[in-house]
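Peer 1: coords please:
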Amino acid sequence: MRTFAIAVGVLATLFGTSVHAADIPMKAPQPLPQAAWNWSGFYVGVGGSLNWADFNQSLQGVSGVTNVMLGPLLVAQGQAGGPFFDFNRHRSGVAPDIQLGYIAPVGDGAWLAGIRFTYKYANNNSKQNVIIPQTGSFTTVGGLTVNFVGFVPVLPAELNLQHQLALIPTIGRAFDKTTIYAGVGPALFGIRSKFNNGVGFAVIGSHLLDVTGAPVTVSNENWVWGGAAQVGATYAIAPRWFLDFSYTYARSSSFYISDVVSFSNQSGPLASSGIAYLNAREQVSNQSVAVTLNRQF
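Peer 2: Numbers count the residues shown, from 1 in each chain. Prediction:
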């Protein structure tokens, strides 16, 4: 009987333990945390930008020695010139943009180092009519010297920021599907300058004289180095796809242009001929806000 009682007690203890265990709530299995967005690798993007360009320009008109002829006879020689005439203007526009880049994680992966190449076809053109002041003198064969004032109208002076390229190393930080970044690097600008309908005039006494004759137009294509600074943020919208929002300030170095033209003009019995120089100092800066759609590879 004693053995039977012990067995009954053991069974009762086991049964009670099972009942209490069944009453303990069980936690449902928790999903594994999702991994942070993988920003490393190459990417390519296309989009557009709003641009605000500042065009700084200085023009100077200088003549070489101008010969004044009466038939086959030299009757006088003269020369004119003046300081650089400064003028600035501002233009805005929209432009298509493309970019190529590479991102690599640094340390624990929250920090990101990268490099990006950007290109925009800005085609931002500025036109302005300009009158360049001059002073000069001419000396007759008999030795009489006469001073005069003059001017060179350029109608209009054009400056066009056509292309803007930049190579920008960046440093940024990732917050899962979002990053912020900043960078500075070299930039290259394709700039076209065109000076339309330039004519040299002299005011001698009360007379306005056209010295150079028919209007002259000259144009120049220049590739100019400069720099660019950029800040921005990205947001992942799908696997391997993200939007990039950026602000860029880019500025070219100051550069110099000199155009040489020959001229001749017949005014009554007198004919004038010689060489004239149209010199320019120019610099362009551009601010842009861009949005691009990018794909990682």
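
Peer 1: Which residues does Gly136 form beta bridges with?
Peer 2: Ala80, Phe148 (DSSP bridges).

Peer 1: got it, and the one 4 residues further on?
Peer 2: Applying DSSP bridges to Thr140 gives these bridge partners: Ala76.

Peer 1: How about the contacts made by it?
Peer 2: By C-beta atoms under 8 Å, 6 or more residues apart in numbering, the contact set of Thr140 is Val75, Ala76, Val146. Backbone N, C-alpha and C define where each C-beta goes, glycine included.

Peer 1: Can you report how many residues lie near the second one?
Peer 2: A count of neighbours around Ala76, defined by other C-beta atoms under 10 Å, yields 19.

Peer 1: residues touching Thr145, list them.
Peer 2: For Thr145, the contacting residues are Ser137, Phe138, Thr139, by C-beta under 8 Å, 6+ apart.

Peer 1: ok, which stretches of the protein are strands?
Peer 2: With DSSP state E as the criterion, the chain has strands at 41-63, 66-70, 73-81, 85-106, 111-140, 145-175, 178-198, 201-204, 207-210, 216-238, 241-252, 255-267, 270-296.

Peer 1: got a markdown table for those strands, with mean pLDDT too?
Peer 2: A markdown table is the format used below for these (pLDDT from 0 to 100):
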| stretch | mean pLDDT |
| --- | --- |
| strand 41-63 | 97 |
| strand 66-70 | 95 |
| strand 73-81 | 95 |
| strand 85-106 | 96 |
| strand 111-140 | 96 |
| strand 145-175 | 97 |
| strand 178-198 | 97 |
| strand 201-204 | 93 |
| strand 207-210 | 92 |
| strand 216-238 | 97 |
| strand 241-252 | 98 |
| strand 255-267 | 95 |
| strand 270-296 | 97 |
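
Peer 1: Which entries within the contacts of Thr145 meet the buried criterion?
Peer 2: Buried members of the contacts of Thr145, scored by 16 or more other C-beta atoms under 10 Å, are Phe138.

Peer 1: Same list (the contacts of Thr145) but as a markdown table, adding distance to Leu112.
Peer 2: Below are the contacts of Thr145 laid out as a markdown table (distance: C-beta to C-beta, whole Å):
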| residue | distance to Leu112 |
| --- | --- |
| Ser137 | 66 |
| Phe138 | 69 |
| Thr139 | 71 |
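
Peer 1: any idea which of the contacts of Thr145 is closest to Phe242?
Peer 2: If you rank the contacts of Thr145 by distance to Phe242 using C-beta to C-beta, Ser137 comes first, at 67.2 Å.

Peer 1: what number of residues lie near the residue nearest to the closest one when sequence neighbours are not counted?
Peer 2: Nearest residue to Ser137 in three dimensions, chain neighbours excluded: Asn147, at 4.7 Å (C-beta to C-beta, 6 or more residues apart in numbering). Counted with other C-beta under 10 Å, residues neighbouring Asn147 total 10.

Peer 1: isn't Asn147 right next to Thr139, touching?
Peer 2: No. Using C-beta atoms under 8 Å, Asn147 is not in contact with Thr139; the gap is 10.4 Å.

Peer 1: circling back: quick one: the contacts of Thr140 as a markdown table, columns for distance to Val46 too.
Peer 2: What follows is the contacts of Thr140, written out as a markdown table (distance: C-beta to C-beta, whole Å):
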| residue | distance to Val46 |
| --- | --- |
| Val75 | 66 |
| Ala76 | 63 |
| Val146 | 63 |
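
Peer 1: which one among these gets closest to Tyr249?
Peer 2: Val146 (51.0 Å).

Peer 1: give me the number of residues near the closest one?
Peer 2: Using other C-beta under 10 Å, Val146 has 13 neighbouring residues.

Peer 1: My read is that it contacts Phe138, right?
Peer 2: Yes. Under the criterion of C-beta under 8 Å, Val146 makes contact with Phe138 at 5.7 Å.
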